[in-house]
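Asks: got a structure for you, letters missing:
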């Protein structure tokens with residue numbers, strides 16, 4: 001059994017297969033490969049894109065999903081994570097979880113006999129990153145000669161994008177305020193993967209440097225869920241890290257503007273930029289659906305059952 005907890009859980013070849021399968025599914029969205037299959041969806045955090053895309057995806061593949069909100073199971077409080085996992089794996093074929101602590105998802109995967117998908121934790125957001133790179137490929141970007149610039153907090157989304165860049169052998173540059181760099185373990189893991197696959201990693205405190213000659217410029221909110229008590233300080237500290245038209249001039253003329261959403265327009269990104277022709281943020285959101293379907297099919301070994309229209 002295989003889970004998707006971290007980006008390196010999939011090899012570069014497996015990731016490329018996910019990209020190809022996502023393309024096929026996007027052209028052929030309604031399938032029956034998961035007929036009589038069920039997914040449990042565990043949520044500790046609210047969500048628009050994650051819930052909608054996983055739930056719709058299961059329906060389009062002929063399966064079902066059950067939504068478990070925080071008050072339903074009180075994961076780790078009413079019951080241990082281990083006991084929840086060992087109940088759910090008797091009833092469902094696959095589990096996805098959107099949690100605060102990353103250790104919760106790791107523990108779910110340890111105790112579950114069915115595949116577990118990390119749909120977001122405080123450490124990584126692999127489904128988002130996979131959808132983002134699929135979007136870049138869809139817009140004609142060559143991963144062998146690709147540079148992504150991330151402007152903002154070295155957070156969970158940034159972690160997954162760094163690691164996925166390394167799996168593709170692409171270049172990744174991050175500009176963040178001092179003290180908001182990615183976790184040291186993620187930096188080391190990214191560098192190890194890049195030594196095998198190619199690509200370069202740059203971590204700087206200067207947005208202009210990170211964005212120079214970038215093929216994609218990415219940002220995320222400055223204050224994530226669970227960080228509300230840091231809101232005032234973060235908004236002051238991150239002001240120089242806003243994506244606007246001036247900063248974008250340092251990137252390639254056809255650079256993609258990317259954001260995982262929800263966006264706080266006027267904070268991390270200007271309205272003008274997010275609504276520009278270079279913006280692909282809603283393509284990213286759409287592609288969560290197609291890529292997550294490919295992930296589910298791959299983990300359940302149902303990827304060969306997809307019908308391809310002539």
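Replies: Happy to help now that I have it. Since this is a predicted model, take the numbers as computed values, not measurements.

Asks: Neighbours of residue 132, how many?
Replies: The number of residues packed near residue 132 is 28, by other CB atoms under 10 Å. No exception for glycine: its C-beta is placed from N, CA and C like everyone else's.

Asks: Give the closest residue to it in space, chain neighbours not counted.
Replies: Among residues not flanking residue 132 along the chain, residue 284 sits closest, at 5.6 Å (CB to CB, 6 or more residues apart in numbering).

Asks: Starting from residue 157, give me the distance back to that neighbour.
Replies: 11 Å (CB to CB, to the nearest Å).

Asks: what residues do those two have in common as contacts?
Replies: 128, 260 (CB atoms under 8 Å, 6 or more residues apart in numbering).

Asks: lowest-pLDDT helix or strand in the protein?
Replies: Within the chain, no helix or strand scores below helix 70-73, which has a mean of 84 by mean pLDDT, DSSP states H and E.

Asks: Just the buried positions in it, please.
Replies: Across helix 70-73, burial judged by 16 or more other CB atoms under 10 Å covers residue 73.

Asks: next one: stretch 164-179
Replies: Those would be 164-177, for stretch 164-179 by 16+ other CB under 10 Å.

Asks: In strands only, show me those.
Replies: Among the buried residues of stretch 164-179, the members falling in strands (DSSP state E) are 171-175.

Asks: can those residues go into CSV with extra columns for pLDDT and distance to residue 137?
Replies: Shown next, in CSV, are these (pLDDT from 0 to 100; distance: CB to CB, whole Å):
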residue, pLDDT, distance to residue 137
171, 98, 15
172, 98, 16
173, 98, 19
174, 98, 21
175, 98, 24
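
Asks: Just list whatever residues bridge to residue 201.
Replies: Beta-bridge pairing for residue 201 (DSSP bridges): residue 172.

Asks: Next, count neighbours for it.
Replies: Count around residue 201 with other CB under 10 Å applied: 17.

Asks: And it, how far from residue 208?
Replies: For residue 201, the distance to residue 208 - CB to CB - is 18 Å.

Asks: still on that earlier bit, what does the least confident helix or strand of the chain contact?
Replies: Here helix 70-73 has contacts from 42-44, 79, 84, using CB under 8 Å, 6+ apart.

Asks: Could you dump the residues you listed into CSV with distance to residue 238, secondary structure and pLDDT added?
Replies: CSV is the format used below for these (distance: CB to CB, whole Å; DSSP: H, G, I helix; E, B strand; the rest coil; pLDDT from 0 to 100):
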residue, distance to residue 238, secondary structure, pLDDT
42, 31, strand, 96
43, 27, strand, 96
44, 25, coil, 93
79, 39, strand, 92
84, 36, helix, 95
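
Asks: which pair in those spans the largest distance?
Replies: Spanning the widest gap among the contacts of helix 70-73 are 43 and 79, at 15.9 Å by CB to CB.

Asks: okay, these two: which has more neighbours?
Replies: Comparing residue 43 with residue 79 by other CB under 10 Å, the one with more neighbours is residue 43, at 21 against 14.

Asks: Skip the chain neighbours and tell me the closest residue to the more buried one.
Replies: Residue 43 sits nearest to residue 98 (CB to CB, 6+ apart), 5.0 Å away.

Asks: Next one, pLDDT for the one you found please.
Replies: pLDDT recorded at residue 98 is 96.
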